[in-house]
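>>> fold the following.
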Amino acid sequence: MRENDDLSLFREIVKDVKPLEQNVFVPERKNLKKKLAIKEIREKEDTLFFFSDEYEPLLNEESAVKYLREGEDSYLLKQLRRGDFSPELFLDLHGLKKQEAKIELASLIQACEKEHICCASVMTGYGTFTLKRQVPRWLVQHPRVRALHQAPREWGGDAAILMLLDV
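Sure, this is the predicted structure:
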C-alpha cells in the first residue's frame, strides 16, 4: 500500500515537468588528431630536454661503456654484458648528424615508454667516434635509463649500446 502512495506522490510532483530533448553531438575528428600530434611533439621535446651536450658524466671511455643509475643492483650490468636481456627495439644511428641522432634517441625512449619495453639497443657504429662518445653521455642524463652497457657481440659488440629503461 505504501508503494502506491509513493508512486502517486511522485507523479503529483513531476506532472508539470517537460521531458528533455535528446540531442546528439558529434565532435570534429580533425581537432583530436591535431591535439594528439601536438601532444607527441611536446613529449619528444620533454625527452630532448634531458640531453645536454655540455654535461660530462664520469664514464670510463677507455674500457667498455657502462653506467648504472644510483640505487640499482650492480648485477644488472653483468646481465647486460652477458646478453641476458634481449633488446626489443633497435635504433641505428649510422650516417646521422648529432642533432638528428639526439631526436632519434628521444623518439626511441618515448617509444619504449609507450610500448612498455625495458631493453633497447642503439647502434652507434664507429665512424668519427662522435656518436659513440656522445650517446652514452646523453643516455645517462635521462631519468628513465636504469643502466647501459656496451652490447655483447650478438647485439652489435662495441659498435652498439644496450640500455635498460624504467617503464
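>>> which secondary element of the chain has the worst mean pLDDT?
Counting by mean pLDDT, DSSP states H and E, the chain has its least confident helix or strand at helix 29-48, which shows a mean of 63.
>>> next SSE after that one?
Note on helix 29-48: by DSSP states H and E, the next helix or strand toward the C-terminus is strand 66-68.
>>> that next one pairs with which strands, parallel or anti?
strand 145-150 (antiparallel) (DSSP bridges).
>>> list the buried residues in the strand it pairs with.
By neighbour count on 16 or more other CB atoms under 10 Å, the buried set for strand 145-150 is Val145, Arg146, Ala147, Leu148, His149, Gln150. Where C-beta positions appear, they are placed from N, C-alpha and C, glycine not excepted.
>>> okay if I get those as JSON lines plus pLDDT and distance to Asp5?
Shown next, in JSON lines, are the buried residues of strand 145-150 (pLDDT from 0 to 100; distance: CB to CB, whole Å):
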{"residue": "Val145", "pLDDT": "87", "distance to Asp5": "70"}
{"residue": "Arg146", "pLDDT": "90", "distance to Asp5": "68"}
{"residue": "Ala147", "pLDDT": "89", "distance to Asp5": "73"}
{"residue": "Leu148", "pLDDT": "89", "distance to Asp5": "75"}
{"residue": "His149", "pLDDT": "88", "distance to Asp5": "78"}
{"residue": "Gln150", "pLDDT": "86", "distance to Asp5": "83"}
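>>> got those as TSV, with distance to Leu165 columns?
Below are these laid out as TSV (distance: CB to CB, whole Å):
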residue	distance to Leu165
Val145	6
Arg146	6
Ala147	9
Leu148	10
His149	13
Gln150	17
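>>> just give me the closest of those to Leu7.
Arg146 (64.5 Å; CB to CB).
>>> got the contact list for that closest one?
Leu68, Arg69, Glu72, Leu76, Leu164, Leu165, Asp166 (CB atoms under 8 Å, 6 or more residues apart in numbering).
>>> most neighbours out of those residues, which is it?
Leu164 (24 neighbours; other CB atoms under 10 Å).
>>> mind listing what the helix or strand harbouring it pairs with, with the direction of each?
In this structure, Leu164 sits in strand 160-165 according to DSSP H and E. Applying DSSP bridges, strand 160-165 is found paired with strand 119-123 (antiparallel), strand 145-150 (antiparallel).
>>> for Arg81, which of these is the nearest?
Using CB to CB, these put strand 145-150 closest to Arg81, at 5.2 Å.
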